[in-house]
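> okay, sequence plus prediction incoming.
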Amino acid sequence: MIPPFSLPGDDRGLLLGDGLFETMLVLDGDLPHLSAHLDRMAAGCALLGLPFDRAEAERIAHEAAPVGGRFAIRLTLTAGSGGRGLDRPAAPVPVLFAKAAPLAVVTTPATAIVASTRRNEGSPASRLKTLSYLDNVLARAEATAAGADEAVMLNNRGEVACAAAANLFWIKDDRLFTPRLDCGVLAGVTRARLLARHQVEEVAAGVEALEIADTIFLTNSLIGVREVSRLGDQEFAPHPLTEDLRSTLQL
């Protein structure tokens, strides 16, 4: 395990964003969805052409998990050291490390805006948790500047994709909807759990689908299900179905 402050100056994750990360919930030392997160990191490494030592990743995650309380762990994998330029070494040696931080339970609904920063649905990186997260950073900065908690991101076709740090769902006439992965959407772990337990329609839809929705909510591994009370100037009332979903995905 190499702590982040020891990364060499030629690390490709540092210089080029060449790598992946996972953010996981820790409850009293237990990582309830570790396997799903490692599955996603392994699939991402396969797509990026990076080697992945699953047993080592599991060991490092458990080693970083505090014994008591509620925490978030970020597991980071960089492509390791490389020379000047874009080309990787013939046999990259990834660097893998993890860090935990205390995590409070979120009990309030979120407010959101539609960001001007777009999701590039044509890039494989839009469906991975890569170290190149600048678009998400910019979208969240837009939300913060507007006094909102989160940013809804559209793709280059104008379709709803996701939030800056969450998957996005909406309810209309008691039907559940979420953007399709090919809209530039990360295959979220909590998203997958919800899809496995409930009938959800995966669609390509414009922002008008949100404007006529009965309610909107966000999901990720740290917040579970979080309702959106306002999107721009439009307000949404609590919906009984979201409480049912929150209960079935209780973290």
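Structure's in. What do you need? Numbering: from 1, shown residues only.
> let's see stretch 148-159 as PDB, backbone CA atoms only.
Coordinates of the C-alpha atoms in stretch 148-159 are reproduced here as PDB (Å, rounded to 0.1, in the frame of the first residue of the first chain):
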ATOM      1  CA  ALA A 148     -27.900  24.200  -4.800                       C
ATOM      2  CA  ASP A 149     -26.600  20.900  -3.500                       C
ATOM      3  CA  GLU A 150     -26.300  19.000  -6.700                       C
ATOM      4  CA  ALA A 151     -26.100  19.400 -10.500                       C
ATOM      5  CA  VAL A 152     -28.100  17.500 -13.100                       C
ATOM      6  CA  MET A 153     -25.900  16.800 -16.100                       C
ATOM      7  CA  LEU A 154     -27.200  16.400 -19.600                       C
ATOM      8  CA  ASN A 155     -25.300  14.700 -22.400                       C
ATOM      9  CA  ASN A 156     -24.200  16.200 -25.700                       C
ATOM     10  CA  ARG A 157     -27.600  15.100 -27.200                       C
ATOM     11  CA  GLY A 158     -29.500  17.000 -24.600                       C
ATOM     12  CA  GLU A 159     -30.600  13.900 -22.800                       C
END
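> how about that stretch: buried residues?
Counting neighbours by 16 or more other Cβ atoms under 10 Å, one finds that the buried residues in stretch 148-159 are 148, 149, 150, 151, 152, 153, 154, 155, 159. Quick note: C-beta positions are derived from backbone N, CA and C, even for glycine.
> could you pick out the longest helix of this structure?
Of all the segments assigned as helix in the chain under DSSP state H, the longest by residue count is helix 34-48.
> in it, what's buried?
Buried residues in helix 34-48 (16+ other Cβ under 10 Å): 34, 36, 37, 38, 39, 40, 41, 42, 44, 45, 48.
> what is the nearest of the buried residues of stretch 148-159 to residue 166?
When the buried residues of stretch 148-159 are ranked by distance to residue 166 (Cβ to Cβ), residue 150 comes first, at 6.8 Å.
> so for residue 3, what's the pLDDT?
At residue 3, the predicted lDDT confidence score is 49.
> and the closest residue to residue 143 other than its chain neighbours, how far from residue 99?
The spatially closest residue to residue 143, leaving aside those adjacent along the chain, is residue 151, at 4.0 Å (Cβ to Cβ, 6 or more residues apart in numbering). Using Cβ to Cβ, to the nearest Å, residue 151 is found at 25 Å from residue 99.
> what average pLDDT does the longest helix of the chain get?
Average pLDDT, helix 34-48: 97.
> so which elements touch that helix?
The criterion is 3 or more Cβ pairs under 8 Å, 6 or more residues apart in numbering; DSSP states H and E, and the helices and strands that helix 34-48 contacts are strand 19-27, helix 54-64, strand 70-78, helix 189-197.
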